[in-house]
Each structure stands twice: as structure tokens, then as C-alpha cells.
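*Asks:* coords please:
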Amino acid sequence: MPKLCVFAGTTEGREIAEFLAGQSADVTVCVATEYGETLLPQGEGLHISARPLPREEMAELFRRERFDLVIDATHPYAQSITKSIASACRETGTLRWRLLRGASGVSPEHTYVETVSDAAAFLSETEGNILLTTGSKELAGFSQLPGFAVLDMELRREGKSYTVDTIRELKAQYAHDELFLMMGTDMFLSFQDWYSPQEIARCAQLVCFSRYDADAENRAALQKQADTLEKLYGQRPVLLTNDCFDISSTEARRLLVFGIAEPYLPQAVLRRIEAQRLYGAGRDYRGLPFDELKTVSLSLHKKTRAAHAIGVCETARQMARQFGADEALAARAGILHDVTKALTGAQQLLLAEKYEVRLTDFERQNRQLLHAKTGAAIARTLFGECEAVCSAITYHTTGKTDMTTLEKIIYLADMIEPNRTYPGVDTIRAAAEESLDGGVLLALERTICYLQEEGFAVCEDSVRARDFLLRERNLTQHEA
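*Replies:* Residues are numbered from 1 along each chain as shown. Model (predicted):
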């Protein structure tokens, strides 16, 4: 079976992925964001990476997976990505194909320039209103244009800040001008869930920028949303397309909060974010009240994992009440137990290096375990949690010898929270109702058995935890 890697993020890349999904092939598809992942097909043998990959990570991926072929179907303007793919392929001796688009032609109605500086110079001599659409890396080149301004009213506003507050302020400041509110696809599709959407739509023309060529297949959803918003608010939004290569704000915020954004963001952008403390960068997260801790933690999860984190938190709180542990600590450990789960294996290693987390060879080879130790490091260093909470997070995946009550609770809550549906989970839940140790022992035995049956390596910590509980049970039965 051939083993292929496709760098997508374009219509052509998605079409290649759709074709390969129906073939007898092992295919890894790489896109830059979680949104890009939602546009890709699902299929057996199709694996998706939804993260920006620096050149070093690409080379590591190629060495580990030993692909027969790498297909670069990224956007023609994403030249830095193409260079990284080519360099990583050369370093690892991997065959590479580059998908080329036909030339778009030169229109006499357009003015073409070579550089950002040339574009800024041309615009400086242009009269009238200018709509500038560009990426963040080129924005500084236009900052000296007459009339160009960056408003900081939202940064200066105290307390909660809503878009409608900014619209009101701008409407008062520019009473005789027409306002346009531009947003990306994700925000547009959820606009009616915003705070005061009707007032926003009344005061500003809504404009949606599609972030990728891949939005072409999402056009039906965009048109339907435009119809819905027109019926709700009496004004039809404008739908525009925009070719770009970017990192989502969700991904950027996650990496910035964890302090590992440098390999993934342009240096100028990163320095500006850090200087202005945007996206939560540089904030003191230690000692947050639980409700605020929960909000921050869930913002660092993938949306698809939020329900699990909440389920573990609530299950752990309930079990703490039942078995005499600290409910507050159980809730905090539960909501943080998977806080770094959204990171890739390479990002986990980067985080471990930053926070000087000691990893075993087994953990380095089985990166699905890394989030436990990196999560504990984030809980300890970033959130200032106590050692009892951090230890419970450290061992929530594998367990260990002679666990504390809180460690057992978080381990078991992760296995039996209400969203879990694997075969045998109800039996473990029933055992946990009778005895905390009984539930943990059954969960450990089930996990070890499953891994062995599937041919996966078993962590020694899990074996030692099971054996310890077996000895304790036998000793109790003997004494009885």
C-alpha cells in the first residue's frame, strides 16, 4: 500500500484528498487550521494534521512516516511553505511533487507591482477611499500611508468588551460615514449568536471574507447564512473571497498562552502581540477563581474536546464528594487534565523542553501520553495549581503505584465521564459506585487488556498500578 502525504489548504488539495480517500493508500493530509480540517473528507487510511508545520517538524514527519511521495498542493502565494516542504524533502530524501496552477493572465484593468513597498508607494499617490486586503506580515509596509490608522479603543476599554460597544463608539465618532464590519467565515456563520447582533447589523454593513479557496465548497452554507441574516435583520451581508495562508486565532492564542508560538508566527507579528499583550500573551493566570479557570481552560481545548473536559470535571467533583476528597481540587484537576491535548506531538516536545519536563524513552515514543506531563507542567507553572492537582493530572492517563484518592478520582473520571461510550464502560461505572479502588482496578485491567489485544505497548506505570491494587485487595481479603 503506497504511503502519501498531501499538503492541502486549497481546492485542488482537497480534491486530491477526496480522490485518495477512496483508494487503497495510507494518506496523511496536512492543513494549517482546525477549520481546514472540517472541509476534508473522512475515510479509512486518511489521517489529518490540522496545524502549521515548521520546516523542522516537516522533516521529522517525513523521517518518521517514510512517505513514498509528498504532494505540495498549497496556494501559489504560500511560497515560504513550498520552500519548507522542498527543503524537508531534500533533507530526508523524500520524493516531492508540486501542483502547479495555470497562469491567470494579466488584465489591462489592473496595476501590477513587484513588492509591498512598491504597492505602498503607488497607493500614496492614489486619491479616494482605499480597501486594503493583505496578510499581517505585510501590514507594516502600509502603515505610513496618509489616513492609515490602528484604533486601540478596545484595548483601552475596561471590563468586558463587545463588538457592539465598538460599533456604537465608531458610529458616534463617524456619524455621517458608512461602517463596514468585516469578519471571517467562522464568525460569520455564528453571527446571530453574538451579543446584540441586531444593533450591529443596523449600524454596520456586514462583510464576510472567505479565508481559503477551500471555502468554495462551503459556499452553500455561506449563502444560506446570508439569506438567514437578511431575513433577521433586513440587510444582506456582502460575501467576498480572499486568498491567504494563515494560522487561526484559536491556534495562535493556544500557542501564545503556552509560550511556544515563536516557531509558528512571523517574528514581527509575535513581537507586536507580546508588546501589546494580545491573545492572552503575558497575562498572569495564577490563582484564577474556578469559573474563570474553566473558561480559560476550555478556550485552549479543541471544541470537540470541551464536552469531555467538562464531563471529567463534574464527574470528579461528584466522586470527591462521595469518597471524601477535596471537591474544589477535584474540579480544578478535572477541567485542566487535558489542557494541552490539542497540541501535536512535536509541540508537546517543545512544551516539555520549555518547562524542563523529564520524559522517558517510552513517552517520547508514545506521544499520546505526553499531554499528561505537559498538562501538569502548565497547571503548575502557568496556573499556579497545587502539587496535589498537578500530580493527579500527571497520572490521569496511566495511573501509578499507590495513588492518592485525588489521583484515583481523576484517573477514573477520565475513563467513565458521561460522554464515554466504549464497550465495558458501564461495568466500570458500576464498580466505581461500589468502590473507588474497585473502579480504578477494573479500568486499569480493561486498558491493559485492550492495548495488548491491539498490539500496542503498555506503560509500566499502568502495570505497577494494577499490581499494587491487586496486592492491596488480596491483603484485605486475607485479613478478613
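
*Asks:* contacts and neighbour counts: CA atoms only from here.
*Replies:* OK.

*Asks:* where do the strands of this protein begin and end?
*Replies:* 3-7, 26-31, 46-50, 69-72, 96-98, 180-184, 205-210, 238-241 (DSSP state E).

*Asks:* now the residue positioned nearest the centre of the chain: closest residue in space that isn't a chain neighbour?
*Replies:* The centroid of the chain falls nearest to E251 when counting by CA atoms, centre = their mean (4.6 Å). Among residues not flanking E251 along the chain, T33 sits closest, at 7.4 Å (CA to CA, 6 or more residues apart in numbering).

*Asks:* leaving out the residues flanking it, which one is nearest to A443?
*Replies:* With sequence-adjacent residues excluded and distances taken as CA to CA, 6+ apart, A443 is closest to I428, at 6.3 Å.

*Asks:* how near is that neighbour to M415?
*Replies:* Relative to M415, I428 is positioned 8 Å away (CA to CA, to the nearest Å).

*Asks:* now swap in A268 and tell me
*Replies:* For A268, the distance to M415 - CA to CA - is 43 Å.

*Asks:* ok so, going back, from what I see, the residue nearest to A443 and D414 are in contact.
*Replies:* No. The criterion here is CA atoms under 8 Å, and I428 misses it with D414 at 11.8 Å.

*Asks:* what about those two, which has more around it?
*Replies:* Under the criterion of other CA atoms under 10 Å, the comparison of I428 against D414 puts D414 first, with 24 against 20.

*Asks:* mind checking how far that one is from M319?
*Replies:* For D414, the distance to M319 - CA to CA - is 12 Å.

*Asks:* same check on K294?
*Replies:* Distance from K294 to M319, by CA to CA: 19 Å.

*Asks:* compare these two (neighbour count), which wins?
*Replies:* M319 (25 against 19).

*Asks:* just to revisit the earlier point, so who does the residue nearest to A443 touch?
*Replies:* Residues in contact with I428, defined by CA atoms under 8 Å, 6 or more residues apart in numbering, are I416, G439, L442, A443.

*Asks:* nearest spatial neighbour of the second one, skipping sequence neighbours?
*Replies:* Distance criterion CA to CA, 6+ apart; nearest residue to G439, sequence neighbours excluded, is A432 at 4.0 Å.

*Asks:* tell me, how many residues neighbour that neighbour?
*Replies:* For A432, using other CA under 10 Å, the count is 22.

*Asks:* I'd say it and D426 touch.
*Replies:* No. Between A432 and D426 there is no contact, the gap being 9.7 Å when judged by CA under 8 Å.

*Asks:* looking at the contacts of I428, which are in helices?
*Replies:* I416, G439, L442, A443 (DSSP state H).

*Asks:* now, the most widely separated pair of those?
*Replies:* Between any two of those, the greatest separation by CA to CA is 11.4 Å, found for I416 and L442.

*Asks:* of those two, which one has the most company?
*Replies:* Set I416 next to L442 and count neighbours by other CA under 10 Å: I416 wins out with 25 against 20.
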